[in-house]
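Asks: Sequence and predicted structure are below.
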Amino acid sequence: MSVYLDCNATTPIEPAVLEVVIRFMERDYGNAASPIHDYGTFARMAVEHARGQVSQVVGARRDEVIFTSGATEANNIALLGLAEYGLAAGRRHIISSRIEHKAVLEPLEELERRGFEVTLVGAGRDGRIRSEEIAAALRPDTLLVSTMQVNNETGVLQPLGEISSILASHPALWHVDAAQGFGKEFDSLCDPRIDLIAVSGHKIFAPKGIGALIARKRGGAFPPLKPLTYGGGQEQDLRPGTLAVPLIAGLGAAARQAVRNRDERVEACRRFRESVIAGLAPLAPVVNGEPGFTLPHVINLSFPGVEAETAIEVLKDVVAVSATSACTSHTPEPSHVLEAMGLEQEIVASALRFSWCHLTPEVDWERVVDMLHKLKGNGRRIDAG
């Protein structure tokens, strides 16, 4: 069995989280919308307890947490849910970046079709959004600024502090896609200037199919969101439907574990990162993204002369790695993130993403190096033209 090094795509479920999920599937399986008996009452209590656990990660209020099926749905509610307000208020300008996840870029394309103007700012070779371009792009009719917290392909922490300062005196709403950083990097998301935060459960050792949108109040009022679906009125009337209590309880448990074990996890990931860098050093890989801004559980490396897709196939029995985000890995398109950073075509085409966690076992890096050396020796190279 190969060692799983694709934790940015999805993480394993933490054993303690799995216990909670199973409990609410097998024993405490009541409907949180039916608190007319003990089963329903306990389910509702579990949901509210999880809401508090999630809110604690970013210093939000319990009632500001809206459970969703994941970060993609949370992003869609945050972006498309503002359309009606923006059109009515005459604020039809949105700012985002070229390195965002498709879960943000594609809703933005839909907003353009509805009459909004979207400005996408660039990123530097360090992998960070150019905050000065956001400052230059701000207009009186700017409705929203949407930026990610941590890039999913490079692991680079974005300059949220700089963006917060830029937006301090502007009324624009600020949405942050925190799918890759929630529960891993804490300080930046605690900034009260951030209005909307998208959260993904399966990136922090909770099950797939659960996430949250954190909608902070400003001046005592929630952001002016409208629901995308109707029927039931759950979750502040923004996300109707029967609540997935086992998954919600699992997300809450995962959030609690993230807060409780943050230091131990960071240290474990740092040690593993050192082994990655030392183990692959004989290949002299190119590091994509400034290491000083990169979280300790991921690294994006290029191996000029070796096509990424070929390397993934050859290495799959030893290590499971990826080349781009999971949502685009089935397409032959090059990484839009690395291209937006201005990297050369050979660097982009030979880039591999290694991502791990505190549960990851050791890797036989000598074997990995040997296999990649053989790829070069066999002439299975990329076309740099």
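Replies: Everything's here; your move. No experiment lies behind these values; they were computed from the predicted model shown.
Asks: residue contacts, V104?
Replies: Going by CB atoms under 8 Å, 6 or more residues apart in numbering, V104 touches 75, 79, 96, 146, 148, 177. Heads up, the C-betas are built off the backbone N, CA and C, glycines and all.
Asks: Tell me which of these fall in helices.
Replies: 75, 79 (DSSP state H).
Asks: got a markdown table for the contacts of V104, with neighbour count, distance to S275 and pLDDT too?
Replies: Converted to a markdown table, the contacts of V104 look like this (neighbours: other CB atoms under 10 Å; distance: CB to CB, whole Å; pLDDT from 0 to 100):
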| residue | neighbour count | distance to S275 | pLDDT |
| --- | --- | --- | --- |
| N75 | 31 | 34 | 98 |
| L79 | 27 | 39 | 98 |
| S96 | 25 | 36 | 98 |
| S146 | 25 | 36 | 98 |
| M148 | 27 | 27 | 98 |
| D177 | 31 | 30 | 98 |
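Asks: Report the two of the contacts of V104 separated the most.
Replies: The span of the contacts of V104, defined through CB to CB, is set by L79 and M148 at 12.9 Å.
Asks: is it fair to say I66 lies in a helix?
Replies: No. I66: not assigned to a helix; according to DSSP: H, G, I helix; E, B strand; the rest coil it is strand.
Asks: okay, now the domains of the chain?
Replies: 3-11+262-377, 15-259 (automatic domain parsing).
Asks: Restricting the selection to alpha carbons, write the helix or strand containing E267 to CSV.
Replies: Following DSSP states H and E, the helix or strand that holds E267 is helix 262-280. Listed in CSV are the C-alpha atoms of helix 262-280, where the atom choice follows Å, rounded to 0.1, in the frame of the first residue of the first chain:
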residue,chain,number,x,y,z
ARG,A,262,-2.7,22.4,17.1
ASP,A,263,0.9,22.6,18.4
GLU,A,264,1.5,18.9,18.2
ARG,A,265,0.1,18.7,14.7
VAL,A,266,2.2,21.6,13.5
GLU,A,267,5.4,20.0,14.9
ALA,A,268,4.6,16.6,13.4
CYS,A,269,4.1,18.2,10.0
ARG,A,270,7.2,20.3,10.3
ARG,A,271,9.3,17.2,11.0
PHE,A,272,7.7,15.4,8.0
ARG,A,273,8.4,18.4,5.8
GLU,A,274,12.1,18.2,6.7
SER,A,275,12.1,14.6,5.7
VAL,A,276,10.5,15.5,2.3
ILE,A,277,13.0,18.2,1.6
ALA,A,278,16.0,16.1,2.7
GLY,A,279,14.8,13.0,0.9
LEU,A,280,14.2,14.6,-2.4
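Asks: what is the mean pLDDT for whichever helix or strand comes after it?
Replies: Counting by DSSP H and E, the next helix or strand C-terminal to helix 262-280 is strand 286-287. The pLDDT scores in strand 286-287 average 98.
Asks: Nearest residue to L225 in space, please, no chain neighbours.
Replies: G81 (3.8 Å; CB to CB, 6 or more residues apart in numbering).
Asks: helices or strands next to the helix holding E267 in the packing?
Replies: strand 298-302, helix 365-377 (3 or more CB pairs under 8 Å, 6 or more residues apart in numbering; DSSP states H and E).
Asks: What distance do you get for the closest residue to G52 other than its chain neighbours to H297?
Replies: The spatially closest residue to G52, leaving aside those adjacent along the chain, is R62, at 4.8 Å (CB to CB, 6+ apart). Using CB to CB, to the nearest Å, R62 is found at 28 Å from H297.
Asks: neighbour count winner among those two?
Replies: H297 (25 against 14; other CB atoms under 10 Å).
Asks: wait, what's in contact with the more buried one?
Replies: So H297 contacts 7-8, 155, 184, 269, 272-273, 355-357 (CB under 8 Å, 6+ apart).
Asks: now with 7 Å?
Replies: Contacts for H297 (CB atoms under 7 Å, 6 or more residues apart in numbering) come out as 7, 184, 269, 355-357.
Asks: Grab the nearest non-local neighbour of A135.
Replies: Here the residue nearest A135, using CB to CB, 6+ apart, is I166, at 4.7 Å.
Asks: which SSE is that neighbour in?
Replies: Assigned by DSSP H and E, I166 falls in helix 160-167.
Asks: Remind me what that helix packs against, helices and strands.
Replies: For helix 160-167, the contact count by 3 or more CB pairs under 7 Å, 6 or more residues apart in numbering; DSSP states H and E identifies helix 131-137 as packing neighbours.
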